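> When you get a sec, could you give me coordinates for this:
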Amino acid sequence: MPPFEEKELDNPKLLTSAAAEIFRMRRARDRVMPEGLTGEPAWDILLALYSEEPGELTVSSVCHGSGVPPTTAARWIGVLASQGLLERTKHPRDDRVVLVSLTAKGRLIVERCLKAMLRANRG
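Below you'll find the predicted structure:
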């Protein structure tokens, strides 16, 4: 990440960029580490959704992006929804497809985490 000022931490573009970069770095790490030694499905799901904001992702996209089996991703989607961090909706044209998006509470939690991580990265 390029250098930034504290006041820039409220810039949505900086936070979205940071989320996408962290997500890419985690996937790069996953390709190197032995299987089963990494994983934070909840955080990966939140990062994927935040970096796509304000859009929605299909459950299958979230499963693929989080790098865990569909059953694991589905379980974590349920946990995150029960915590009020994301919501599931039906696709407007295909009832078989479920879309997932961050709630305002979920967006706030991710932003707080990203800001804390960026501050820590600055040293």
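> Would you mind measuring from the residue nearest to the spatial centre of the chain to residue 96?
Nearest residue to the geometric centre of the chain (CA atoms, centre = their mean): residue 47, 1.7 Å. Going from residue 47 to residue 96 by CB to CB, to the nearest Å gives 26 Å. Just so you know, the C-beta spots here come from the backbone N, C-alpha and C atoms, and that holds for glycine as well.
> just to revisit the earlier point, distance of the residue nearest to the centre of the chain from residue 100?
On the measure of CB to CB, residue 47 and residue 100 end up 13 Å apart.
> What are the boundaries of the helices in the chain?
Assigned helices in the chain, in chain order: 12-32, 41-51, 59-66, 70-82, 104-122 (criterion: DSSP state H).
> Pick the most deeply packed of those.
helix 41-51 (a mean of 22; mean count of other CB atoms under 10 Å).
> Am I right that residue 84 is in contact with residue 108?
No. The criterion here is CB atoms under 8 Å, and residue 84 misses it with residue 108 at 10.6 Å.
> re earlier: indicate which one of the helices of the chain is closest to residue 3.
For the helices of the chain, proximity to residue 3 was assessed by CB to CB; helix 104-122 is nearest, at 7.9 Å.
> Run through the neighbouring helices and strands of that closest one.
If contacts are counted by 3 or more CB pairs under 8 Å, 6 or more residues apart in numbering; DSSP states H and E, helix 104-122 sits against helix 12-32, helix 41-51.
> Turn these into JSON lines, including distance to residue 114.
Below are the helices and strands packed on helix 104-122 laid out as JSON lines (distance: least, CB to CB, whole Å):
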{"stretch": "helix 12-32", "distance to residue 114": "5"}
{"stretch": "helix 41-51", "distance to residue 114": "8"}
